[in-house]
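# model this:
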Amino acid sequence: MGLISLVRKSKSQRSFKKTISKIIGYSPKNICLFERVFTHRSLEKVDDDGKKINYERLEFLGDAVLGTIIGNYLFKKMPDADEGTLTQMRSKIVRREFLNSVGKSLDLYPLLQSRAEKNHYGDDIHGNIFEALVGAVFVDGGFFKCCSFVETKIIQPYIDLDDLKGLVVSYKGTLVNWFQKQKKTYEYDVFEDSGANKLMFKAKLFVDNMLIASARASNKKKAAEKVSKRAYFKFADQIQEKNTSQV
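Got it, this is the predicted structure:
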């Protein structure tokens, strides 16, 4: 590599380090670790030992660390909540749509190095990069710096526990949890709707052997969630009353 190329690379790394420092709130020790955060597997990069260089391992780690930090936050803030309530609240915070929005707000995607055109990967890429960034901060700065980063970028600007209590992420999950606590019998009957012009699936929900709702959608999962949403509003007052009494 020539002298001019080395100078350009050095300037580029200094600029990248300055950008990362602003995002994470401190000057990183290992800038190469953060370069990995923004390296997509489509580049097919490998190190001297032939191991892949991309963000996916850091994304795996960041997902686990983020769950721990949010779990610890909820454990302290909701001392009277049971395990089920804490689990639901954590799921609402670390849900994919929310992490995607955090990644977008930090403007991470423009830093991604890949072979694909912009907007090729869909919305989930924003959350994936953010989780990888959490993993990198954890490795580079340790748990407490990572906690500070998550608190600054997620908890303080976005988390309102009162608002989250009323948020339904999965109608099916909410219903099933409530049915089990109320000792109600329930059955989802999901089948191919052969009468439709295109392939569709129909779902029926029976509670205590009574048909509560039915719905159609393009796949089994969507049909089950759709019928759950319709059924949810028939039980909403009872569910919300129960949840309020537990918090």
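
# hey, let's count contacts and neighbours off CA atoms from now on
Fine.

# now do the contacts for residue 207.
Neighbouring residues of residue 207 by C-alpha atoms under 8 Å, 6 or more residues apart in numbering: 184-187.

# buried ones among those?
Taking 16 or more other C-alpha atoms under 10 Å as the criterion, what is buried in the contacts of residue 207 is residue 186.

# distance of residue 134 from residue 142?
Here residue 134 is placed at a distance of 11 Å from residue 142 (C-alpha to C-alpha, to the nearest Å).

# for those two, indicate the residue with more neighbours.
Higher neighbour count among residue 134 and residue 142: residue 134, with 26 against 12, using other C-alpha atoms under 10 Å.

# pretty sure that one sits in a strand.
No - per DSSP: H, G, I helix; E, B strand; the rest coil, residue 134 lies outside any strand segment and is helix.

# just the ones of the contacts of residue 207 in strands?
186-187 (DSSP state E).

# scan this structure for its longest helix.
Assignment by DSSP state H gives helix 220-246 as the longest helix of the chain.

# could I get the buried residue list for that helix?
Buried positions in helix 220-246, judged by neighbour count with 16+ other C-alpha under 10 Å: 220, 222-232, 239.

# one more: stretch 36-51?
Using 16+ other C-alpha under 10 Å as the test for burial, stretch 36-51 gives 36-41.

# that older thread, and the contacts of residue 207 as TSV, adding distance to residue 80 and pLDDT?
Shown next, in TSV, are the contacts of residue 207 (distance: C-alpha to C-alpha, whole Å; pLDDT from 0 to 100):
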residue	distance to residue 80	pLDDT
184	25	94
185	28	95
186	29	96
187	32	96
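
# contacting residues around residue 133?
Counting by C-alpha under 8 Å, 6+ apart, residue 133 touches 34, 37, 58-59, 62.

# just among the residues you listed, which is most surrounded?
Counting by other C-alpha under 10 Å, top hit in these: residue 37 with 28 neighbours.

# for that residue, give me the pLDDT.
For residue 37, the model assigns a pLDDT of 96.
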